[in-house]
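Show me the folded form of this:
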Amino acid sequence: MYSYKMLDKISTETLHQAFVDAFSDYQVKMDLPFWKFQQMLQRRGYHPEISMGAFKDGIMVGFVINGLRSWNGKATAYDLGTGVVQECRRQGVTSHLLLNIRKLLKEKNIAQYLLEVIQSNESAAQLYSKQNFKIQREFSCFQLEKDKFIPKTTCAVECVERIDLEQFKEFWDVEPSWQNSIDSIYAVPEVFSYVVARQDDKIVGYGIIDQKTGDIPQLAVNPNYRGKGIASSILTEMVKRTESPIISVLNVESHLKPMGDFLLVKSGFTYHVGQYEMLLKL
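Here you go, the predicted model:
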């Protein structure tokens, strides 16, 4: 028999162990030491009061970990991770967790529920579709081996203390995904390096990279200054600013051909995995 309870009284250490166990055979290899797990929870807005675990003989064997924020003007829960340990799968644990979570979110007047799922994980995508989640966007994720990167600098760039990202939304072609959003960056501002390019005494491009993990949540150039090598110069400086051997750009909308070409053709990234962004209106 399984028991289900909220995670507000469950330690982060217990949750981390369950997470590692559940994703030990995942399609994408998960490198998630405790410090990185803590950062992920903080960055993505973890709320234990709307998260739930499944327990068997007192041990956590499944979970739905959720964040909570305003998203497109509506109170939105975000699935940071849903998993069940291998020996307890195909026993309805995930469906039971999601059913309980949906009831809870409705009770708390949360308007919608957002998540991402790897496209090749057909069983998970089908499960969410049966739960009435609808695909909103398709994302591509890219990786680069740092020691294979060829630096390209055509303009001066500099590292700054912080960036007021609200000022530079006009540089965006699309809204970033949850984990790349302004709120997610501001949740852990100290973990990033911020690189800007200036021309005519104003910032015309910027990039943000995690100093430890090599994750790049945002890279944008003013549309009037594109095609001048600014993005390549920013990327070159960002690569210097991380200790990670792998550089990652996650959740680029798949239809954004200029960004895809910049990463794949100009910068030496390789395609890593595709994801669906899915939304359930409650």
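
Spit out the contact partners of the most centrally placed residue in the chain.
The centroid of the chain falls nearest to residue 179 when counting by C-alpha atoms, centre = their mean (3.5 Å). Residues near residue 179 by C-beta atoms under 8 Å, 6 or more residues apart in numbering: 43, 44, 217, 250, 251. Heads up, the C-betas are built off the backbone N, CA and C, glycines and all.

do the same with residue 96
Residues in contact with residue 96, defined by C-beta under 8 Å, 6+ apart, are 2, 4, 54.

now what about the least confident helix or strand in the chain by mean pLDDT, what contacts it?
Of all helical and strand segments in the chain, the minimum by mean pLDDT, DSSP states H and E falls on helix 122-130, at a mean of 91. Defining contact as C-beta under 8 Å, 6+ apart, one finds that helix 122-130 is touched by 82, 94, 95, 98, 115, 117, 118, 119, 276, 278, 280.

quick one: the closest residue to residue 199 other than its chain neighbours and residue 250, what's the gap?
Spatial nearest neighbour of residue 199, excluding adjacent residues (C-beta to C-beta, 6 or more residues apart in numbering): residue 225 at 6.4 Å. From residue 225 over to residue 250 the distance is 25 Å, taken as C-beta to C-beta, to the nearest Å.

one step back: quick one: which of the contacts of residue 96 sit in strands?
Assigned to strands by DSSP state E, the following of these qualify: 4, 54.

picking that back up, any idea which of the contacts of residue 179 is closest to residue 166?
residue 217 (15.1 Å; C-beta to C-beta).

What distance do you get for that closest one to residue 64?
Distance, residue 217 to residue 64, using C-beta to C-beta: 24 Å.

Can you tell me the element residue 100 falls in?
helix 93-107 (DSSP states H and E).

what is the orientation angle of that helix with helix 122-130?
On the basis of axes from the mean of the first three to the mean of the last three C-alpha atoms, to 10 degrees, helix 93-107 is oriented at 30 degrees to helix 122-130.

Show me where the stretch 1-150 of the chain has its helices.
Applying DSSP state H, counting those that start in this stretch to the stretch 1-150 of the chain gives helices spanning 12-22, 34-43, 93-107, 122-130.

Among these, which comes closest to residue 157?
Closest to residue 157 of those is helix 34-43 (C-beta to C-beta; 24.6 Å).

Identify all residues paired with the residue lying closest to residue 47 once chain neighbours are set aside through a beta bridge.
Spatially, and ignoring its direct neighbours in sequence, residue 47 is nearest to residue 68 (4.3 Å; C-beta to C-beta, 6+ apart). In this structure, residue 68 bridges to residue 77 when assessed by DSSP bridges.

Correct me if wrong: residue 68 contacts residue 80.
No - using C-beta atoms under 8 Å, residue 68 is not in contact with residue 80, being 10.5 Å away.
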